[in-house]
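**Q** sequence and computational prediction follow.
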Amino acid sequence: VRGKGPNEPTCLCHCRPHPGAPPLWRMLLRSAEKRARVARGAKPHRQTSGRVACVALGESRVLADFDGTCYGGTVVEFCAPWFRVQFDDGDSADYAGHELAPLLDLSETDFYDPRLWFYDFSVVHPLDIPAFRQALLGYVEGFGFDLPPTWCAPGGGKASPNEDPDTPESSLDEVMAFLAEEARHLSDLNRGFRGASRAQRTFANLRNPGLKLIWFQASRGCGLPPVLDA
């Protein structure tokens with residue numbers, strides 16, 4: 001059905017657009033272009049506190065080698081995808097997550113700290129942290145398991161010189177309080193997630209979910225394979 005003019009189509013209820021109104025597709029395109037301009041002009045979010053993956057902004061330390069000299073620094077800021085490191089000598093540098101991971105001053109003992117476990121591997125991958133990779137492989141081998149080779153690809157960089165295997169006693173109470181609060185939180189989440197299911201995946205797609213489960217078990221002092229409590 002058409003209106004009186006050749007370029008004035010109407011709907012079946014005979015309502016006509018305002019004369020000279022642009023077609024609907026052109027209006028939608030203009031709206032999308034406007035949203036894109038706003039997005040391009042938006043300022044990136046800078047985070048200077050809290051945690052990003054296992055990195056505590058303002059606290060996590062790095063050790064970086066420049067021309068054979070080791071420099072210490074602190075991760076002070078995250079503005080996706082860059083972490084800013086303020087070195088002790090006053091210099092600063094920006095690193096993507098995969099570049100920062102090998103520099104983090106973490107030990108194999110830190111791998112077992114439940115407070116450092118994180119779910120999102122897209123920013124920092126734990127296997128890019130040499131000490132974490134060694135700890136994960138040792139944990140799995142201790143239970144007689146072998147992981148698919150594609151799961152165990154090493155990260156770059158040098159391992160941290162931190163060799164202290166003991167967890168400070170002053171932090172044990174904090175760890176226990178963290179675990180108690182986490183247990184309550186997971187119980188609440190379980191009620192919401194119960195009944196959810198996932199499709200079958202290939203080994204490649206299962207890599208990160210599998211590593212997350214393994215690391216979770218290790219950081220909670222549990223064995224392999226995971227078992228339900230009796």
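**A** Thanks, I have the structure now. Remember, predicted model here, so these are calculated numbers, not experimental data.
**Q** for residue 178, grab phi and psi.
**A** The phi/psi pair for residue 178 (degrees, to the nearest 10) reads phi -60, psi -50.
**Q** right, and it touches residue 113 too?
**A** No. The pair formed by residue 178 and residue 113 falls short of the contact definition of CB atoms under 8 Å, at 9.3 Å. Bear in mind the C-beta positions are built from the backbone N, C-alpha and C, glycine included.
**Q** list the contacts for the closest residue to residue 118 other than its chain neighbours?
**A** Distances taken as CB to CB, 6 or more residues apart in numbering put residue 53 closest to residue 118, at 4.8 Å, once the chain neighbours are dropped. Contacts for residue 53 (CB atoms under 8 Å, 6 or more residues apart in numbering) come out as 97, 118, 120, 121, 123, 124.
**Q** those helices in the chain, which residues are they?
**A** Residue ranges of the helices in the chain, as given by DSSP state H, are 24-41, 97-100, 108-111, 130-142, 172-193, 203-219.
**Q** what does the last one contact?
**A** Right, the one you point to is helix 203-219. Here helix 203-219 makes contact (CB under 8 Å, 6+ apart) with 111-114, 116-117, 119, 121, 126-127, 132, 135-136, 139-140, 147-148, 150-151, 201, 223-224, 226.
**Q** sorry, back to before: kindly reformat the contacts of residue 53 as JSON lines containing pLDDT, distance to residue 57 and neighbour count.
**A** Shown next, in JSON lines, are these (pLDDT from 0 to 100; distance: CB to CB, whole Å; neighbours: other CB atoms under 10 Å):
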{"residue": "97", "pLDDT": "92", "distance to residue 57": "13", "neighbour count": "20"}
{"residue": "118", "pLDDT": "87", "distance to residue 57": "14", "neighbour count": "16"}
{"residue": "120", "pLDDT": "86", "distance to residue 57": "16", "neighbour count": "11"}
{"residue": "121", "pLDDT": "88", "distance to residue 57": "18", "neighbour count": "18"}
{"residue": "123", "pLDDT": "90", "distance to residue 57": "12", "neighbour count": "19"}
{"residue": "124", "pLDDT": "92", "distance to residue 57": "12", "neighbour count": "22"}
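**Q** in strands, which of these appear?
**A** Where these are compared with strands, as defined by DSSP state E, there is no overlap at all.
**Q** nice, that's everything, thank you.
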